[in-house]
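> I'd like to go over a predicted model; first the sequence, then the structure.
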Number of protein chains: 2
Amino acid sequence: MKKDTKGINVEKDEFSEWFTQLMIKADLADYTDVSGAIVFKPTAYAIWEKIKEETDKRFKKLGIENCYFPLFIPEKSLNKEQEHIKGFAPEVAWVTHAGETKLNERLAVRPTSEAIMYESYSKWIRSWRDLPLKLNQWNNVVRWEFKHPVPFLRTREFLWNEGHTVYATREEAEKEGDEIIKIYDDICREFLALPSLIGKKSDKEKFAGAVYTISMEFLMPNGKAIQGPDFHHDGQNFAKAYGIKFLNAQGKEEFAWQNTFAFTTRMLGVMFAVHSDSKGLILPPRVATNKIVIVPILFDDTKEKVLDKSRELERDLAKFGAVLDAREEYKPGFKFNEWELKGIPLRIEIGPKDLEKNSVVVVRRDNGEKEIVKINDLNKKVGVLLEDVQENLFKRAGKFLKDGIANASSMKDIKKTINDKKIALGPLCSSKSCEDNLKFESGGAKVLNIPFSQPSVLSKSKCIVCGKKADYFAYMGKSY
Amino acid sequence: MKKDTKGINVEKDEFSEWFTQLMIKADLADYTDVSGAIVFKPTAYAIWEKIKEETDKRFKKLGIENCYFPLFIPEKSLNKEQEHIKGFAPEVAWVTHAGETKLNERLAVRPTSEAIMYESYSKWIRSWRDLPLKLNQWNNVVRWEFKHPVPFLRTREFLWNEGHTVYATREEAEKEGDEIIKIYDDICREFLALPSLIGKKSDKEKFAGAVYTISMEFLMPNGKAIQGPDFHHDGQNFAKAYGIKFLNAQGKEEFAWQNTFAFTTRMLGVMFAVHSDSKGLILPPRVATNKIVIVPILFDDTKEKVLDKSRELERDLAKFGAVLDAREEYKPGFKFNEWELKGIPLRIEIGPKDLEKNSVVVVRRDNGEKEIVKINDLNKKVGVLLEDVQENLFKRAGKFLKDGIANASSMKDIKKTINDKKIALGPLCSSKSCEDNLKFESGGAKVLNIPFSQPSVLSKSKCIVCGKKADYFAYMGKSY
């Protein structure tokens, strides 16, 4: 227990309590009277807007268009694809009444929009000329999970993009997988400063209704893995369930090929958790609205001079979203702590002595390093430093992920890896019973995904669970 | 009934059927299996994104921040403000089950977010230092109206902004009304090319829970009025219901002063309806993603030359979102009709003879005027023409609105005005019973709003309904 009660009063090691305090004290989220649903406060929501903007720009280059489908899905539509409904039914929030009137049919609050979108697709698509159809929605979805909710990481309502594309051939559809994962990976690396493990989900863990799922997996500070953005190739499964057929160029009727893909607000939580420390939030500069805070050191006789210069700096650094903390009722030390808690990437301290030397002190949030910078060089220097912070966070997250992976060639190895709060990489066969046994014997580890690049020793490797020939090396671990 | 069956086959006079066909044939919306909920197709949704972007930019300048609150509102929260719940209860969609589990308490799908936001506000606001608090959401809301739904104009789910601000004093709060209405009016005029009637709602028609409502009213082609964006000053009504109190600078506890304001996707429907004609959609250039279509006139011997030039023009005019319709399976006349139906503001026709003269034919969608333009002047000329189209649509809409208002000084006048599909302007007293009688005796007219600028004859005028002294001149009409 640390002393300062305004700041976070536990170390990051006590992850669960630390994360909860971070949410509230860094002003990212708040709880509501609806269990599992949170308020996305402006700081966090602005980052989501940034992610949307950057992702959307890249989608548009691929010819993906935005649209909006209804929130409510009639029960009979949802029931058309058997695997899909099995996957989602336990978590659906049902609307049964409007005002005093009982509805004739229950309406699902969308857990995802396949069912309602594909009813429309089946009406809209007639010939190969209507393909490809590439639509996307940025919306809210509800999945009433009964597991313990955690802000951003597991909430009963969340925000996301859901892309739903339709192609005339399997080849075209599958090719899109690379394009979309590349976009998601860019956003995670370049903006959120987060590397990930990319691979195929096992059949057991893939999306309900998909032929296969490509996922990005992240490692959390508590040693649990968490699934991030994903891409599902649905083959013709939904096309058959919803009757999405087209006349090909030869005039023959065929079922269409489909994909879906999503990036959710969960990634905000992953980013907050991975980069931040016991002092509070650490934000990658590229997603921070306010990248700089200016804290003037005020004494009675030099106050006006220092404040004038501070205001001038605030204007000069406006393109970095610089904010000036000119409050006189708080001491500088108090302000330093508060802005560290809130994760502003750079702090500029300016006092009368600095002013005499025409310089300021710049302090990095990521590593606490201080530097004296001439005011004339400040604008340029700050740009360099912010890029440096961004890069350092990415490197640090890369090291954390790399150090968090251990090779495993036996169930004993797996258990040790889990115990060490790490992810295991080891050989498995593709049978569902081995996955079930893995979970049971390891105390909860599951297959996260199967990396595309497989080691050459695969051909000689045996499944960790059953000892028969391995089909692949997979990442395994406990997961959200 | 017109001949062409791909286009709209009724005149605009038959408004209801015309509007329905416009929605489907111009690819703006589609119906779904959920009655009253529509698909916002990409053309329409892109316009909504443009509106959001422009409005949001202006909100941010006022210091309004975006956030996101949960979709679901516990019944007991919704019930706290009596007028508010009375206004919304008949239209609330209720979630009663999650998966197989019956919930302990019904959850309202938000019809508006006062209830859930103000529960949080009451926790967050402690002192005058926390004020003003200016938050906004861009989200979806559900109001299960039992009136006949119409795409965009009256849908059971719609998209909007909901601004919710809190101030320490009534004066500051009320001042915001001008700022917000100015923004909404700018967006309507400058982008949607729509003038409106701005004024105060009568007590009977104001927002449920507000002290007063300022509304923007529009006239539809069928002579009905429709309410657009609005601003509500809530006084301390919600602050008292939800316990939003703060310590003022003197250390005394006070209730806060609040406003709410909204701009909804209904305005897309108003814009489509007012500007478009029997040939199809007409879009103001500033909101059209694709402002120009290039239709090459193709003959066997000159095809490649014309197509090459067309592609070059498409690149040159990329900043106007120019699209090239190079399909060879359709004749130019077919394409002209199709793009007129879809409302692209300018069409460029280019054939071998034009090419010889280094010119093209430019056709305006708003008035059908053709002009021969030298290719060298095209980029500049197109910019001028698009501004001209924008201005012409605004003027035309202004004339339509002006011509659609008639002075009324008796109930007979009102009836005639309604019969003529117009809005009446006349003197009324503020009693609720006179408003009730107005509706009954006129056959459905209600008070739309009360303009801020009142005529000098007011002091000598008598209420149309009861003959006693009039309190104001009001706009009256049938309304959506």
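Ah, there it is.

> contact partners of the host helix or strand of residue A:425?
Secondary structure assigned from DSSP states H and E places residue A:425 in strand A:423-428. Applying CB atoms under 8 Å, 6 or more residues apart in numbering or on different chains, the external contacts of strand A:423-428 come out as A:197, A:217, A:219, A:225, A:404-409, A:413-414, A:417-418, A:434-435, A:438, A:445, A:447-448, A:451, A:458, A:461-465, A:470-477. Using the backbone N, CA and C atoms, a C-beta is placed for each residue, glycine as well.

> which residue packs closest to residue A:229, ignoring adjacent ones?
Spatial nearest neighbour of residue A:229, excluding adjacent residues (CB to CB, 6 or more residues apart in numbering or on different chains): residue A:184 at 3.9 Å.

> no wait, residue A:21
The spatially closest residue to residue A:21, leaving aside those adjacent along the chain, is residue A:8, at 4.5 Å (CB to CB, 6+ apart).

> give the contact list for the one you found.
The neighbourhood of residue A:8, defined by CB under 8 Å, 6+ apart, consists of A:2, A:18, A:21-22, A:25, A:278-280, A:341.

> Pull out the buried positions in the longest helix along chain A.
Counting by DSSP state H, the longest helix found in chain A is helix A:378-403. If you call a residue buried by 16 or more other CB atoms under 10 Å in any protein chain shown, then helix A:378-403 has these buried ones: A:378, A:381-382, A:385-386, A:388-390, A:392-394, A:396-397, A:401.

> That helix to strand A:423-428, inter-axis angle?
Compare the direction of helix A:378-403 with that of strand A:423-428 by axes from the mean of the first three to the mean of the last three CA atoms, to 10 degrees and you get 40 degrees.

> Next, the buried residues of the helix or strand just after helix A:378-403.
Proceeding N to C from helix A:378-403, the next assigned helix or strand is strand A:405-407, under DSSP H and E. Within strand A:405-407, the residues that qualify as buried by neighbour count (16+ other CB under 10 Å) are A:405-406.

> Please apply the same query to stretch A:122-137.
Residues A:122, A:125, A:128, A:131-137 are the ones in stretch A:122-137 that count as buried (16+ other CB under 10 Å).

> Just the residues you listed: which are in helices?
Counted as lying in helices by DSSP H, out of the buried residues of stretch A:122-137, are residue A:122.

> give me the subset of the buried residues of stretch A:122-137 touching chain B.
Filtering those for proximity to chain B (criterion: CB under 8 Å from any CB of the partner chain) leaves residue A:135.

> So which of the buried residues of stretch A:122-137 are in strands?
Among these, the subset assigned to strands under DSSP state E consists of A:133-137.

> Which positions in the stretch 101-250 of chain A make contact with chain B?
Applying CB under 8 Å from any CB, we find that the stretch 101-250 of chain A lies next to chain B at A:101, A:106-107, A:109, A:116, A:119-120, A:123-124, A:135, A:139-140, A:142, A:144, A:146, A:157, A:159.

> so of those, which ones are in strands?
Within those, residues falling in strands by DSSP E are A:101, A:106-107, A:109, A:135, A:139-140, A:142, A:157, A:159.

> could you redo these as JSON lines and give each row pLDDT?
Output for these, formatted as JSON lines (pLDDT from 0 to 100):
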{"residue": "A:101", "pLDDT": "94"}
{"residue": "A:106", "pLDDT": "95"}
{"residue": "A:107", "pLDDT": "97"}
{"residue": "A:109", "pLDDT": "98"}
{"residue": "A:135", "pLDDT": "98"}
{"residue": "A:139", "pLDDT": "98"}
{"residue": "A:140", "pLDDT": "98"}
{"residue": "A:142", "pLDDT": "98"}
{"residue": "A:157", "pLDDT": "98"}
{"residue": "A:159", "pLDDT": "98"}
